[in-house]
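>>> Show me how the following folds:
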Amino acid sequence: MQLLEPLCCIILHVFVVFATEFTFELPDNEQMCFYQEVETGYKFDIDYQVMSGGNYDVDCFVADPNDGILYTEQKKQYDSFSHTAAMRGVYRVCFNNKFSTFSHKYIYLDFRYGDENPLLSSMTRTTALTQLESTCVSIHEILKVISESQTWYRLREAHDRNRADHINSCVSLWSIAETITVFLLSLGQVMFLKSYFKDK
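Numbers count the residues shown, from 1 in each chain. Modelled structure (predicted):
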């Protein structure tokens, strides 16, 4: 029973850490921003990746409460950014698709804020960890790696599936165009040959 309580804490802790992952649609010629209030001295991390649309690229920038630009990139497929807040206030993460006239984008965003709390309240002391606490930390780190790996595989699967669907659509349209072209050429050849056998 003593082992069950730390494991429950670890599982709950993992879910809390990754609660800010989501995918959103960014229409063409649009800009979309997300806001987060951050305390002074706290760290936040941002990971994003374009899942589908156009050339799989997007403009992104991060601004502080005084509208100072902390990070800016243009036409990136994916990237990461980390920052420790120098001031308290609302920070802004914006994605811009104004350079795209026709294609809307689906973008994955992971926003992590603050430092991780100790898994157990007893881990705040300065003494060495017990064997149970060390085991809990090891399990927690392994679960984090597993969760990150699963996220990466989900992103790759979604990205590859979108590419496969796009290629399939192109191949299907090309096949239809070829079929129509062959049919029209065949019909034209038949009509041309029939013209030789008509009385003049």
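
>>> Could you find the closest non-adjacent residue to F22?
The shortest distance from F22 to any residue other than its chain neighbours is 6.2 Å, reached at L109 (Cβ to Cβ, 6 or more residues apart in numbering). C-beta: built from backbone N, CA, C; applies to glycine.

>>> Bridged to the one you found, which residues?
F22, Y48 (DSSP bridges).

>>> Tell me the spacing between it and Q189.
According to Cβ to Cβ, to the nearest Å, L109 stands 57 Å off from Q189.

>>> Neighbour count: those two, which is higher?
L109 (18 against 10; other Cβ atoms under 10 Å).

>>> So A128, which state does it fall into?
coil (DSSP: H, G, I helix; E, B strand; the rest coil).

>>> Tell me who's in contact with it.
Contacts for A128 (Cβ atoms under 8 Å, 6 or more residues apart in numbering) come out as none.

>>> So it versus E73, what's the distance?
For A128, the distance to E73 (Cβ to Cβ) stands at 44 Å.

>>> longest helix of this structure?
Longest helix of the chain, by residue count under DSSP state H: helix 131-194.

>>> Give me the helices and strands touching that one, please.
Contacts defined by 3 or more Cβ pairs under 8 Å, 6 or more residues apart in numbering; DSSP states H and E place helix 131-194 against helix 4-17, strand 43-52, strand 105-113.

>>> try it again with 7 Å
Contacts defined by 3 or more Cβ pairs under 7 Å, 6 or more residues apart in numbering; DSSP states H and E place helix 131-194 against helix 4-17, strand 43-52.

>>> Can you list the strands that the helix or strand just after the shortest one pairs with?
Counting by DSSP states H and E, the next helix or strand C-terminal to strand 43-52 is strand 58-63. Partner strands for strand 58-63, per DSSP bridges, with pairing direction: strand 69-76 (antiparallel), strand 89-96 (antiparallel).

>>> just checking, next helix/strand downstream of the first one?
Read in the C-terminal direction, the helix or strand following strand 69-76 is strand 78-84, with elements assigned using DSSP H and E.

>>> Give me the sheet partners of that next one and which way each runs.
strand 43-52 (antiparallel).

>>> Relative to N168, how far out is L26?
24 Å.

>>> do the same with Q77
Applying Cβ to Cβ, the value for Q77 to N168 is 21 Å.

>>> The two: which has the busier surroundings?
The residue with more neighbours, out of Q77 and N168, is Q77; 13 against 10, by other Cβ under 10 Å.

>>> wait, doesn't that one sit right on D57?
Yes: using Cβ atoms under 7 Å, Q77 is in contact with D57, at 5.5 Å.

>>> Could you identify which of the helices and strands packed on helix 131-194 has the lowest mean pLDDT?
Mean pLDDT is lowest for helix 4-17 among these, at a mean of 38.
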